[in-house]
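[1] take this sequence and fold it.
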Amino acid sequence: MPLNKSIHFLSPYDLKPNEEVLPERAVWLQQKVEQEQLWRVPITVDRQTNSIMDGHHRHLVACRLGLAKVPCILLDYDEVEFISTHPSRALTPKCVIEHAKAGKRLPPKSTRHQFSRPLPNCNISLNLLVDNASYLE
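    Numbering: from 1, shown residues only. As a prediction, this is how the structure comes out:
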């Protein structure tokens, strides 16, 4: 059963990344999204700061495609299991948020956020996300 959270539509430019991405993964994902013309998985975001928890590659693809809105799930850090996978630092949610606020990025895949249930699929047409449609708010 998927995570029981509402999907919110936010501008990708309001989201705060905190990790670099793997370029080849971003290219692959962009090609997949363009081919399918669907946005399938929401980006998870810290409710208080708009720091991206999970979805840095999706965020980059949204920016590259010039999307006005992206599906997001807003969470608090006490709702997820946070795991630091950074090779030389024990990261904390506070540290990750500070990086996001400062516009600094950690190496790719420095953190993992595990959710109690899988994220819901959303399968939203890209056409709805390109326009600044008020019905997605």
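
[2] let me see the ranges of the strands in the chain.
    Taking DSSP state E as the criterion, the chain carries its strands at 8-10, 38-39, 43-46, 52-54, 70-75, 80-84, 111-115, 124-125.

[3] for the protein, which spans come out with low pLDDT?
    Counting by pLDDT under 70, the ranges of the chain that qualify are 1-4, 132-137.

[4] mind giving me the packing neighbours of the longest helix belonging to the chain?
    Looking across the chain with DSSP state H, the single longest helix is helix 23-36. Judged by 3 or more CB pairs under 8 Å, 6 or more residues apart in numbering; DSSP states H and E, helix 23-36 is in contact with helix 56-64. Quick note: C-beta positions are derived from backbone N, CA and C, even for glycine.

[5] just want the angle from the helix it packs on to helix 23-36.
    Helix 56-64 and helix 23-36 are oriented at 60 degrees to each other (axes from the mean of the first three to the mean of the last three CA atoms, to 10 degrees).

[6] and the contacts of helix 56-64?
    The contact list for helix 56-64 (CB atoms under 8 Å, 6 or more residues apart in numbering) reads 12-13, 15, 17-22, 25-26, 29-30, 33, 39, 41, 43, 52, 70, 108, 129.

[7] hmm, Leu74 is touching Ile43, no?
    No: Leu74 lies out of contact with Ile43 (CB atoms under 8 Å); the separation is 10.0 Å.

[8] who's more crowded, those two?
    The neighbour comparison of Leu74 against Ile43 (other CB atoms under 10 Å) goes to Ile43, with 26 against 19.

[9] hmm, back to that, redo the strands of the chain as JSON lines? Include distance to Thr92.
    Formatted as JSON lines, the strands of the chain follow (distance: least, CB to CB, whole Å):
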{"stretch": "strand 8-10", "distance to Thr92": "24"}
{"stretch": "strand 38-39", "distance to Thr92": "30"}
{"stretch": "strand 43-46", "distance to Thr92": "13"}
{"stretch": "strand 52-54", "distance to Thr92": "13"}
{"stretch": "strand 70-75", "distance to Thr92": "16"}
{"stretch": "strand 80-84", "distance to Thr92": "7"}
{"stretch": "strand 111-115", "distance to Thr92": "10"}
{"stretch": "strand 124-125", "distance to Thr92": "33"}
